[in-house]
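S.K.: Quick one: sequence plus predicted model below, questions after.
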Amino acid sequence: AQSVTQLDSQVPVFEEAPVELRCNYSSSVSVYLFWYVQYPNQGLQLLLKYLSGSTLVESINGFEAEFNKSQTSFHLRKPSVHISDTAEYFCAVSGGNDMRFGAGTRLTVKP
Amino acid sequence: DGGITQSPKYLFRKEGQNVTLSCEQNLNHDAMYWYRQDPGQGLRLIYYSQIVNDFQKGDIAEGYSVSREKKESFPLTVTSAQKNPTAFYLCASRGQGFSPLHFGNGTRLTVT
């Protein structure tokens, strides 16, 4: 089975600063990796995904993540955050029919 | 618009009662999932179903039951055997291959 570890439960950052949310996974098979974002009292929305090909994947709102097989990581980065990026972010891994999630990282962007 | 509908948004029950959470999708997805979310623990997989009339236990299936009689519907019953049922429950579906999950907006269950 797969598992995911998100290394930071909370990340406070000032507006326009860069941010990195860390994610490590473990799996005995090839995996597919995802980042989701959740706003209060809502479901999760897909932010970006790695299925194959280029190890650097980007979202439409400026986030990017890099798949690093040797370090079994899939960290999420943004060079300059906005107040509206405040939310909870979940890393997820799928190696088959199921999907496992990390515990989440609460990103708080301060003015 | 295609999507996943969970109802109701908020649900209150007394301890000892069974309760069923609804999940309907019109995305024509074969696979459907139920997760439980608790603060600081992320999402934990309860049950999932790849096709009609078939489902598998996830990591925390004890005290829960599901059915998959139709492709569009995957209701979750929280039984009185579930020791700590108060939580936020999320339903999701998935298309072919390793596509991402599509989530509903969740049901917040409070048992007192």
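M.R.: Arrived safely, thanks for sending.
S.K.: Now do the same contact list for residue 10.
M.R.: If you meant another chain, say so; for now it's chain A. By C-beta atoms under 8 Å, 6 or more residues apart in numbering or on different chains, the contact set of A:Gln10 is A:Thr105, A:Arg106, A:Thr108. Heads up, the C-betas are built off the backbone N, CA and C, glycines and all.
S.K.: looking at chain B here, not the other one
M.R.: Residues counted as contacts of B:Tyr10 (C-beta under 8 Å, 6+ apart) are B:Thr107, B:Arg108, B:Thr110.
S.K.: give me the low-pLDDT residue ranges for chain B?
M.R.: B:1 (pLDDT under 70).
S.K.: so how far is B:Gly58 from the one residue sitting closest to the centre of it?
M.R.: The residue lying closest to the centre of chain B (C-alpha atoms, centre = their mean) is B:Trp34, at 3.1 Å. Here B:Trp34 is placed at a distance of 8 Å from B:Gly58 (C-beta to C-beta, to the nearest Å).
S.K.: who touches both of these two?
M.R.: Residues touching both B:Trp34 and B:Gly58 by C-beta under 8 Å, 6+ apart: B:Leu45, B:Ile46, B:Tyr47, B:Tyr48.
S.K.: For stretch A:56-75, measure first residue to last.
M.R.: Stretch A:56-75 has its terminal residues 10 Å apart, counting by C-alpha to C-alpha, to the nearest Å.
S.K.: Just confirm yes or no for that stretch near chain B.
M.R.: No - applying C-beta under 8 Å from any C-beta of the partner chain, one finds stretch A:56-75 out of contact with chain B, separated by at least 12.0 Å.
S.K.: Return the residues of chain B in contact with chain A.
M.R.: If contacts are counted using C-beta under 8 Å from any C-beta, the residues of chain B sitting beside chain A are B:4, B:6, B:31, B:33, B:35, B:40-45, B:48, B:50, B:56, B:58, B:90, B:92, B:94, B:98, B:100-106, B:108.
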